[in-house]
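[1] need coordinates for the below:
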Amino acid sequence: MEQDIWKNIKLPEDMSKEKIDFLTQAVEGSRNLKKQELLPYLTRLIRVSKEKQLTFTDAEIQFIIAAIRSSSSPEQNQYIDQLMQESQKRYSSL
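    Now for the predicted structure:
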């Protein structure tokens, strides 16, 4: 199963197995989500990663986004774009 997820995406070379396992579960869990389910799912992932004390570099975050996009519909990808734009607006105003 893991090979299916990562076959078209290059993993960051220094990513730990714990992070890869977390992301594998995250990507699998995001499959077949409806647009309105995506934000609560991503919010839950953030909470779980904090509970597990996992922190991600900028490169790893970009990888996560690419991995989620690879298994998302065009409508979901459009919604991801909107979320990313909102996030960038929030951080640039701080």
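
[2] export the helix or strand where residue 85 lies as CSV, just CAs?
    Element membership of residue 85 [criterion: DSSP states H and E] is helix 74-92. Extracted in CSV, the C-alpha atoms of helix 74-92 (Å, rounded to 0.1, in the frame of the first residue of the first chain):
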residue,chain,number,x,y,z
PRO,A,74,-9.7,18.5,-8.8
GLU,A,75,-12.4,20.0,-6.6
GLN,A,76,-10.5,19.1,-3.4
ASN,A,77,-7.3,20.5,-4.9
GLN,A,78,-9.0,23.8,-5.6
TYR,A,79,-10.2,23.8,-1.9
ILE,A,80,-6.6,23.0,-0.8
ASP,A,81,-5.4,26.0,-2.9
GLN,A,82,-8.0,28.2,-1.1
LEU,A,83,-6.8,27.0,2.3
MET,A,84,-3.2,27.6,1.4
GLN,A,85,-3.9,31.2,0.3
GLU,A,86,-5.8,31.9,3.5
SER,A,87,-3.0,30.4,5.6
GLN,A,88,-0.4,32.6,3.7
LYS,A,89,-2.6,35.7,4.3
ARG,A,90,-2.8,35.0,8.0
TYR,A,91,1.0,34.4,8.4
SER,A,92,2.0,37.4,6.3
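
[3] tell me how far it lies from the chain's centre.
    12 Å (CA atoms, centre = their mean, to the nearest Å).

[4] ok, and for it, which residues are buried?
    For helix 74-92, the neighbour count (16 or more other CB atoms under 10 Å) marks 76, 79-80 as buried. For the C-beta atoms, the positions are set from N, CA and C on the backbone; glycine is no exception.

[5] could you do stretch 18-37 as well?
    Buried residues in stretch 18-37 (16+ other CB under 10 Å): 19-20, 22-24, 26-27, 30, 33.
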